[in-house]
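# Sequence and predicted structure are below.
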Amino acid sequence: MKNRVQVVIAEDSVLLREGLTRLLTDRGHDVVAGIGDAEALIKVIGELAAEDALPDVVVADVRMPPTHTDEGVRAAIRLRREYPQLGVLVLSQYVEEQYATELLAGSTRGIGYLLKDRVAEVREFVDAVVRVAGGGTALDPEVVAQLLGRSRKQDVLGRLTPREREVLGLMAEGRTNSAVARQLVVSDGAVEKHVSNIFLKLGLDRSDGDHRRVLAVLTYLGS
């Protein structure tokens, strides 16, 4: 993962866009473009790709002009399809399950969905941007909770113990085993055992590689 990431910000609120830009640049990252609507976002990414200067990650609002409904997330899904190597982190005022599941339905690489309130937690927000830019996943705890709660594959979740479900939720937020251990106040070894049990019960073998952590949640989040 690169220490310095290239970011494009798509947010129609000028104040928020400038605020996000300041947060990221103050921490050594490069905001290569800031735009206010989905059409401009697709155009800018296309131009950067043509110049072989595709950014590491796009940070986009779910709702953007002209209708302020789903233009932002639709653009994000389109960009994911056209540029699989591009990380996409979407921001939303509240959890919109349909949009979250659509975004998460494809590749599990470089995806994030955060509530805008999370931006106030500066370190967590910047860490999420960097993680998604590096191909990781960053899901807001509220997103995880709602998607897990409404999953139609409860028979799969039913195989997990309450503690394993708790560990799974923290994994989905992008936390490492050590971070999960600190959160639950248990040993790293205990978390590793829980994670192994989760993989086993969800039928994820070693051939799934590093994505097993993400697949453990995302394979049954679809509605």
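Ah, there it is.

# Next SSE downstream of the least confident helix or strand in the chain by mean pLDDT?
Ranked by mean pLDDT, DSSP states H and E, the weakest helix or strand in the chain is helix 154-157, scoring a mean of 62. Next along the chain after helix 154-157, taking DSSP states H and E as the criterion, comes helix 162-172.

# Please work out which residues outside the helix or strand just after that next one touch it.
On the C-terminal side of helix 162-172, the nearest following helix or strand under DSSP H and E is helix 177-184. The contact list for helix 177-184, computed with CB atoms under 8 Å, 6 or more residues apart in numbering, reads 163, 166-167, 170-171, 175, 187-188, 190-192, 195. For glycine as for every other residue, the C-beta is placed from the backbone atoms N, C-alpha and C.

# if we go to 6 Å?
Here helix 177-184 makes contact (CB atoms under 6 Å, 6 or more residues apart in numbering) with 167, 170, 188, 191-192.

# Most neighbours of all those, which one?
Counting neighbours by other CB atoms under 10 Å, Val167 comes out on top of the contacts of helix 177-184 with 27 neighbours.

# Apart from its neighbours in sequence, what residue is nearest it?
His194 (4.5 Å; CB to CB, 6 or more residues apart in numbering).

# In which helix or strand does that neighbour reside?
Per DSSP H and E: helix 188-201 holds His194.

# helices and strands around the one helix or strand Gly34 maps to, which ones?
Using DSSP H and E, Gly34 sits within strand 30-35. Counting contacts by 3 or more CB pairs under 6 Å, 6 or more residues apart in numbering; DSSP states H and E, strand 30-35 packs against strand 6-10, helix 14-26, helix 38-50.

# can you pull the buried residues of that strand?
Residues 31, 33-35 are the ones in strand 30-35 that count as buried (16 or more other CB atoms under 10 Å).

# Let me know the angle separating that strand from helix 38-50.
Strand 30-35 and helix 38-50 are oriented at 140 degrees to each other (axes from the mean of the first three to the mean of the last three CA atoms, to 10 degrees).

# Distance from the chain centre to strand 30-35, please.
19 Å (CA atoms, centre = their mean, to the nearest Å).

# Run through who's touching that strand.
6-10, 17, 21, 24-25, 41, 44, 55.

# what kind of secondary structure is the residue nearest the centre of the chain in?
The centre of the chain sits closest to Gly112, judged by CA atoms, centre = their mean, with a distance of 1.2 Å. Taking DSSP: H, G, I helix; E, B strand; the rest coil as the rule, one finds Gly112 in the strand state.

# that older thread, what about the strand holding Gly34, average pLDDT?
What strand 30-35 shows for mean pLDDT is 96.

# Can you tell me, leaving aside adjacent residues, what's nearest to Arg212?
Of all residues not flanking Arg212 in the chain, Leu204 sits nearest, at 4.6 Å (CB to CB, 6+ apart).
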